[in-house]
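I need the structure of the sequence given here:
(one chain, ligands or ions: 2)
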Amino acid sequence: MPKIVAARVIVTCPGRNFVTLKIECDDGTTGVGDATLNGREMAVASYLNDHVIPCLIGRDAHRIEDIWQYLYKGAYWRRGPVTMTGIAAVDMALWDIKGKIAGLPVYQLLGGAAREGVTVYCHANGSSIDDTISAALEYRDKGYRAIRIQCGVPGLPTTYGVSKDRHHYEPADGDLPSESVWSTAKYMRVVPQLFAAAREALGWDIHLLHDIHHRLTPIEAGRLGKDLEPYRPFWLEDATPAENQDAFRLIRQHTTAPLAVGEIFNSIWDCKELIENQLIDYIRATVVHAGGLTHLRRIAALADLYQIRTGCHGATDLSPITMAAALHFGLSVPNFGIQEHMAHTAETDAVFPHAYTYADGMMHPGEAPGLGVDIDEDLAATHEYKRAFLPVNRLEDGTLWSW
Ligand code: GCO
Ligand code: MG
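Ligands and ions are numbered 1, 2, ... in the order given. Take a look at the predicted model:
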């Protein structure tokens with residue numbers, strides 16, 4: 001058996017913060033897992049260092065399921081983003097180790113390729129509708145078949161999803177949380193115009209996606225869905241906060257626009273009601289925040305019973321290790337829908353050398369044994385952690401709102 005002899009947490013900031021777990025076995029095999037929780041990085045680092053790593057030493061690295069159950073049930077305190085991100089990091093590293101020892105890429109261990117590649121969607125954004133459309137046209141020319149479109153809202157100084165640097169959106173931009181301002185009425189007016197312009201410029205063969213980022217009430221989301229239906233959106237994401245899963249019933253009663261939810265979910269219990277009642281079409285839970293490949297497979301299996309497909313979160317705060325794991329998962333899972341892809345900066349890519357590739361709107365995890373991604377620890381050590389918070393959001397009268 002490959003016995004775990006050491007594990008360490010590596011915190012690095014090649015332009016943005018990442019937390020990585022590296023596990024070492026007595027035969028010299030190592031595995032890596034992503035443990036990044038944007039804006040709360042050090043909480044997971046401490047969870048791993050203080051409460052998880054001591055329990056891993058001496059265990060058989062092949063016993064992925066048993067270690068998962070040990071960390072989940074054994075903590076007594078179940079679920080939550082910090083715990084589940086910590087467990088995810090261990091789980092990814094163990095799948096990486098198993099693949100390396102087997103001499104197989106992880107997707108082969110998950111059942112093999114169920115498709116030729118993993119269709120991804122990219123992000124087109126701009127401060128105006130025209131800027132967003134010109135970004136979308138650039139992406140279309142690079143082969144993307146699915147594009148998320150976001151634009152600035154006239155009358156609001158900043159808008160979620162719209163960056164200064166078009167290609168690398170990094171919302172965690174402040175040493176303390178920055179504050180943005182929100183107006184539902186102003187937003188609801190501009191989005192249908194954006195979709196109309198996008199259909200006119202891009203035609204009907206490109207999938208168009210949009211992220212509402214938890215800002216509408218259910219009935220407002222129903223209204224927006226109705227307004228966008230003529231433009232056939234691929235999905236509307238996070239239409240309303242999902243703590244109250246039943247709220248999606250109201251949205252469903254008013255629109256046939258497909259709904260995607262789940263990037264902030266961390267367990268199957270967060271999505272159970274949404275899935276069992278077929279209140280959504282795509283589940284966005286992801287490897288790093290939902291307990292690793294072991295738990296995400298369980299969520300996908302439940303979703304498959306209800307014809308709900310995967311649409312995993314893949315913003316830049318999910319490290320290249322998560323991207324690799326997501327691609328192995330996406331290539332092999334039966335009910336794959338789409339995978340989000342926001343390219344990392346060259347600085348980040350240099351710290352995390354990887355085998356995955358992009359071509360013609362699709363990504364592929366590559367054939368390297370394990371996850372096919374590593375961390376260059378010497379380079380990582382040159383990028384010191386820098387505290388960074390996600391913004392908070394207020395209505396124009398100062399009321400705190402969902403960001
Ligand atoms: C997305 C997400 C991101 C999140 C970010 C928070 O759909 O990609 O909503 O933009 O805001 O990942 O850390
Ligand atoms: Mg989102």
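
Where does the nearest residue to Leu305 once chain neighbours are set aside sit: helix, strand or coil?
Ranked by Cβ to Cβ, 6 or more residues apart in numbering and with sequence neighbours excluded, the top spatial neighbour of Leu305 is Ile275, at 8.0 Å. All C-beta spots, glycine's among them, are computed from the backbone N, C-alpha and C. The three-state label given to Ile275 by DSSP: H, G, I helix; E, B strand; the rest coil is helix.

For ligand 2, see how far away Ile275 is.
Distance of Ile275 to ligand 2, given as Cβ to the ion, to the nearest Å: 18 Å.

Now for Val19, how many residues are close by?
26 (other Cβ atoms under 10 Å).

same question, Ser127
17.

quick one: Val11 is in a helix?
No. Checked against three-state DSSP, Val11 lies outside a helix; its state is strand.

show me what contacts it?
Taking Cβ atoms under 8 Å, 6 or more residues apart in numbering, we find Val11 in contact with 17-20, 41-42, 45, 385.

tell me which residues form a beta bridge with it?
Beta bridges link Val11 to Val19, judged by DSSP bridges.

Need the pLDDT of the residue nearest to Leu305.
Ile275 is assigned a predicted lDDT (pLDDT) of 98.

That one reaches Ala300, doesn't it?
No. Between Ile275 and Ala300 there is no contact under Cβ atoms under 8 Å: 10.1 Å.

anything in contact with each of these two?
Common contacts of Ile275 and Ala300 (Cβ under 8 Å, 6+ apart): Ile283.

Contact residues of the stretch 251-400 of the chain facing ligand 1?
Within the stretch 251-400 of the chain, the positions lying close to ligand 1 (Cβ under 6 Å from any ligand atom) are 263, 313, 315, 317, 340, 390.

between these, which is nearest ligand 2?
Set against ligand 2, the nearest of those by Cβ to the ion is Glu263 (4.9 Å).

all helices of the stretch 251-400 of the chain, in order?
268-276, 292-304, 320-332, 346-351, 377-381 (DSSP state H, counting those that start in this stretch).

now, of those helices, which is deepest in the fold?
Stretch with highest mean neighbour count among the helices of the stretch 251-400 of the chain: helix 320-332 (a mean of 29; mean count of other Cβ atoms under 10 Å).

Which strands or helices does that one pack on?
Applying 3 or more Cβ pairs under 8 Å, 6 or more residues apart in numbering; DSSP states H and E, one finds that helix 320-332 makes contact with strand 30-34, helix 81-102, helix 106-109, strand 118-126, helix 292-304, strand 309-312, strand 336-340, strand 362-364.

which residues sit in contact with the residue nearest the centre of the chain?
Central residue of the chain (Cα atoms, centre = their mean): His313, 2.2 Å from the mean position. Contacts for His313 (Cβ under 8 Å, 6+ apart) come out as 262-263, 284-286, 289, 340.
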